[in-house]
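> Pasting the sequence and the predicted model now:
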Amino acid sequence: MNSKNVTFPHIDVVVKVLHALADEVRLAVIDLLIVHDGTLCQLELVRKMRTSGYPEMSQSNLSHHLKILHEAGLIDFERRHQFRYYHLRPESRPLLQQLSRMQPTSLVVLAGIA
């Protein structure tokens, strides 16, 4: 970490979170967890991903994405028998709410498309 970085004193954390959010599949997982406002088992997540535009989603592929989201601190899980049940971490909700309120036109300008 660069100790001279004042604007982002924890830049490594910022990079990890932005990397986790910079993927369409992971954003879809986040969206499912927001919409269901609770806890979903990995099997339920696979099933819901397959019916919401990701028909080829496998359990191992989803596990990879869940691991990245978990390591970024955006989601957490609890074990119940042999299954993991995933939910949004309360600390991640304010950031995710801000992102969901961003206007598409703002994103277009940021991306330099306009």
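That came through, no problem.

> And the strands in this protein, which stretches?
In the chain, the strands defined using DSSP state E lie at 40-41, 75-80, 83-88.

> Reformat those strands as JSON lines; add mean pLDDT.
Below are the strands of the chain laid out as JSON lines (pLDDT from 0 to 100):
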{"stretch": "strand 40-41", "mean pLDDT": "95"}
{"stretch": "strand 75-80", "mean pLDDT": "95"}
{"stretch": "strand 83-88", "mean pLDDT": "95"}
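
> Quick one, which of those gets closest to residue 95.
In terms of C-beta to C-beta, the element of these nearest to residue 95 is strand 83-88, at 10.2 Å. Placement of C-beta: from N, CA and C, glycine included.

> Give me the sheet partners of that closest one and which way each runs.
strand 40-41 (antiparallel), strand 75-80 (antiparallel) (DSSP bridges).

> Distance from the last one to the middle of the chain?
If I follow you right, that is strand 75-80. 15 Å (C-alpha atoms, centre = their mean, to the nearest Å).

> Going forward, the N-terminal residue is numbered 29.
Sounds good: first residue 29 from here, last item strand 103-108.

> ok, residues contacting it?
Here strand 103-108 makes contact (C-beta atoms under 8 Å, 6 or more residues apart in numbering) with 57-58, 61, 67, 69, 94, 97-98, 112-117, 120.

> Mark which of the residues you listed are buried, thanks.
Buried members of those, scored by 16 or more other C-beta atoms under 10 Å, are 57, 58, 61, 67, 94, 97, 98, 112, 113, 114, 116, 120.

> Which pLDDT value belongs to residue 39?
The model reports residue 39 with a pLDDT of 84.

> er, residue 131 actually
pLDDT, residue 131: 69.

> Same check on residue 125?
For residue 125, the model assigns a pLDDT of 85.

> Okay, it and residue 38: tell me how far apart.
According to C-beta to C-beta, to the nearest Å, residue 125 stands 21 Å off from residue 38.

> low pLDDT regions in this protein?
The model of the chain has pLDDT under 70 over residues 29-34, 36, 131, 134-136, 139, 141-142.
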